[in-house]
Structure formats: structure tokens, C-alpha cells
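Visitor: Coordinates only, no sequence provided:
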DNA sequence: CTATTGACGACAT
DNA sequence: CATGTCGCCAATA
């Protein structure tokens, strides 16, 4: 069998570590890209972490919608931030009123 | 090796 | 609050 050369998702070590960590986040909880970066031992590789999540083709299995920005914004999502929002709402995280950063604090998951 | 690309963050304006 | 800028970093071309 010819296994498509550059098709199959080949994840680097770093990317795997990131996705693996994300899998630990429980339903209804979130972490920031920054926290995640620190959790994989690369506290400054925040942007790289985001790029890694972008390679998550198993959105069903890996809940990367639970990774948001430090400024309280949702951040990106492969299938559109609109979907990200919905998924989070389904988990009981529906933004209401006040300061965004403050709001999300009560949902932050500690690795 | 160099340049570019981003689901980011912190800070200045 | 809305931009812009700069720093960071892994992956890619």
C-alpha cells in the first residue's frame, strides 16, 4: 500500500506533546495557550502551540476548543471561532457580562 | 542557513 | 476599548 507521501498526519514530537496535554482538559474547563505552553515545557512557545493545535485533525477526539487566549478572547479554531463558541457553550461555558478574563478564571483547569 | 508563517502575549498609543 | 508593534518559537519552504 502506498501510504500517501505527505498526506498522512505526521506530527512532530512537540505537536504530539501539545495535543496529548490538551486531551487532559476535562469537559467544561479551559486553559490558555500560555498555560498549555508551560505545561509542555516550552513556556515561550505560545505561538508554536497554537500552530500545533491547528494540526489537530481529530477535533472530535482532541478538545482543542478548550484552549483560549490569555486576554479572554476565544482564539482561533480550525472550523471557525463560531463553532468553538458553540462547543464551549455546550460544555456550560457561556460568557455572561463582566470582564472576560475574570469570567474564564473559574473555568481554568490546573494541570 | 535564511525567510516566512501563524488558533499568541505583553505593552504602547 | 481598538490598533499597532515587537518578541517568541516550531515548522516549512
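Guide: Okay, I see it. Quantities reported herein were computed from a predicted structural model and do not represent experimental measurements. Residues are numbered from 1 along each chain as shown, chains lettered A, B, ... in the order given.
Visitor: separation between residue A:87 and DNA strand B?
Guide: According to C-beta to the nearest atom of the strand, to the nearest Å, residue A:87 and DNA strand B sit 10 Å apart. Every C-beta, even on glycine, is put in place using the N, C-alpha and C of the backbone.
Visitor: Quick check on the residue of chain A found nearest DNA strand B: phi, psi?
Guide: Residue nearest to DNA strand B within chain A (C-beta to the nearest atom of the strand): residue A:76, separated by 1.9 Å. With angles defined as degrees, to the nearest 10, residue A:76 sits at phi -80, psi 170.
Visitor: Can you give me every residue that contacts it?
Guide: Contact partners of residue A:76, counting by C-beta atoms under 8 Å, 6 or more residues apart in numbering, are A:50, A:54, A:84.
Visitor: In this model residue A:75 seems to touch the first one, though I could be wrong.
Guide: Think residue A:50. Yes. Distance between residue A:50 and residue A:75: 7.2 Å, which falls inside the contact criterion (C-beta atoms under 8 Å).
Visitor: Find residues that contact each of those two.
Guide: Between them, residue A:50 and residue A:75 share the contacting residues residue A:33, judged by C-beta under 8 Å, 6+ apart.
Visitor: near DNA strand C, which residues of chain A?
Guide: Contact residues (C-beta under 7 Å from any atom of the strand) of chain A with DNA strand C: A:10, A:12-15, A:42, A:44-48, A:51-52, A:99.
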